[in-house]
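Participant: return atomic coordinates for the entry below.
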Amino acid sequence: MLYLFAFTLTIATSVNAYSQPPAKAQLIFSDDFSKGLDSSIWISEIAPLPDSKVYAKNGKLLLDTKGGVTVWLNKKLEGNIIIEFKRKVLVQGGTNDRLSDMNQFWMATDPKNKNLFTRNGVFEAYDSLSLYYVGMGGNTNTTNRFRKYEGNGERTLLQEYTDSLHLLQPNKEYLVQIVIKNGSTTFYVDGVEHFKYADPRPLTEGYFGFRSTKSRQEIDEVRVYKFE
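Facilitator: Next comes the predicted model:
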C-alpha cells in the first residue's frame, strides 16, 4: 500500500535537507506498482539489445537492460512540483548487474515534436531534448553530474561530484526527491541536497523519466506533489 509519511533524518547542519512535502502540497500522482506496470502510464524506451526488459514484480518497477533505457511517466508536469521515489541499483550477479547510472530526466520536452515518446533508449537520441538531468553514479560509478539540456544538442554541465559520498553503493535503497519551485530546481538524496540551480531561463513544464544504461534497478513508491 502506498501512503504518505514524513522522513526523519539526522545530517550535518551545514547540509541543506529536505524530508517531507510542504503542509499544503497536493498529491497528484502515486504508484507503488502493486498492480503491475501500466503501459499507458509508464512509457518504456529500450535500446534494442538482448536481455533487456522493463517490468513490475513484487510491487517494484524493474529496469533490467543491457543497454540504455528511459521509462517516462506519461503525465505532463508544470509549476511548483515535487517528484519523489525510492530507487536501488542491484548488484547480485544478474546478467546486467553493474553499479552505475541511477539517472533521471525531468521537465523534458521536445522542441521539434509535441510527442516526446519517439526515441529508442540510446542515450544520444535524447540530446535534442530540453530538460534537466542528473546522472548519479555515471561512467561506472565515477561521476555524479547535473546538466541542463538546452534543446539544441547542447548539454550544459551545471555541477559535478566525483567523491564517494555522492556516488552509489550497491543494493542500497535511496530516497530521491526533486523539487521544482519558482524557477529553481533542487535534487536531494536521502534528505541531503546534491544539486541546486536557480535557472535564469527555467523549464516550467515537461515530463519526468527514469533513465539508466546497462544495469538492473528497482524503483518503488513514486509520488508527485503540486504546491503553491
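
Participant: so, low pLDDT: which residues of the protein?
Facilitator: Along the chain, segments meeting pLDDT under 70 span 1-17, 19.

Participant: how about the residue nearest the centre of it, what does it touch?
Facilitator: In the chain, the residue lying closest to the centroid (C-alpha atoms, centre = their mean) is residue 104, at 2.9 Å. Residues near residue 104 by C-beta atoms under 8 Å, 6 or more residues apart in numbering: 133-134, 176, 178, 208-211. Glycine gets a C-beta too; all of them are placed from N, C-alpha and C.

Participant: again, but for residue 136
Facilitator: So residue 136 contacts 101-103, 144, 166-168, 189, 194 (C-beta under 8 Å, 6+ apart).

Participant: by neighbours, which of those residues wins?
Facilitator: When neighbours are counted by other C-beta atoms under 10 Å, residue 102 leads those with 27 neighbours.

Participant: name the nearest residue to that residue, ignoring sequence neighbours.
Facilitator: Closest residue to residue 102 apart from its sequence neighbours, by C-beta to C-beta, 6 or more residues apart in numbering: residue 136 at 4.6 Å.

Participant: just residue 112 next, same as before
Facilitator: residue 128 (6.9 Å).

Participant: for residue 83, same thing?
Facilitator: residue 178 (4.4 Å).

Participant: helices along the chain, start to end?
Facilitator: 138-141 (DSSP state H).

Participant: which stretches of it form strands?
Facilitator: 26-31, 42-46, 53-57, 60-73, 77-78, 81-89, 102-109, 130-137, 143-150, 155-161, 174-181, 184-189, 192-198, 205-226 (DSSP state E).

Participant: elements contacting the fourth one?
Facilitator: Helices and strands touching strand 60-73, by 3 or more C-beta pairs under 8 Å, 6 or more residues apart in numbering; DSSP states H and E, are strand 42-46, strand 53-57, strand 205-226.

Participant: which positions within the longest one qualify as buried?
Facilitator: Looking back up the chat, that one is strand 205-226. In terms of neighbour count (16 or more other C-beta atoms under 10 Å), strand 205-226 has its buried residues at 206-226.

Participant: that older thread, for residue 97, which of the helices and strands packed on strand 60-73 is the nearest?
Facilitator: Across the helices and strands packed on strand 60-73, residue 97 has its closest neighbour in strand 205-226 (5.2 Å, C-beta to C-beta).

Participant: now the closest one against strand 130-137, angle please.
Facilitator: Going by axes from the mean of the first three to the mean of the last three C-alpha atoms, to 10 degrees, strand 205-226 is angled at 70 degrees with respect to strand 130-137.

Participant: tell me which strands strand 205-226 pairs with, and in which orientation.
Facilitator: Strand 205-226 sits in its sheet next to strand 26-31 (antiparallel), strand 60-73 (antiparallel), strand 77-78 (antiparallel), strand 81-89 (antiparallel), strand 102-109 (antiparallel), going by DSSP bridges.

Participant: how far out from the middle of the chain is the third one?
Facilitator: Strand 77-78 has its C-alpha centroid displaced from the chain centroid by 15 Å (C-alpha atoms, centre = their mean, to the nearest Å).

Participant: ok, residues contacting that strand?
Facilitator: Here strand 77-78 has contacts from 83, 106-107, 204-208, 224, using C-beta under 8 Å, 6+ apart.
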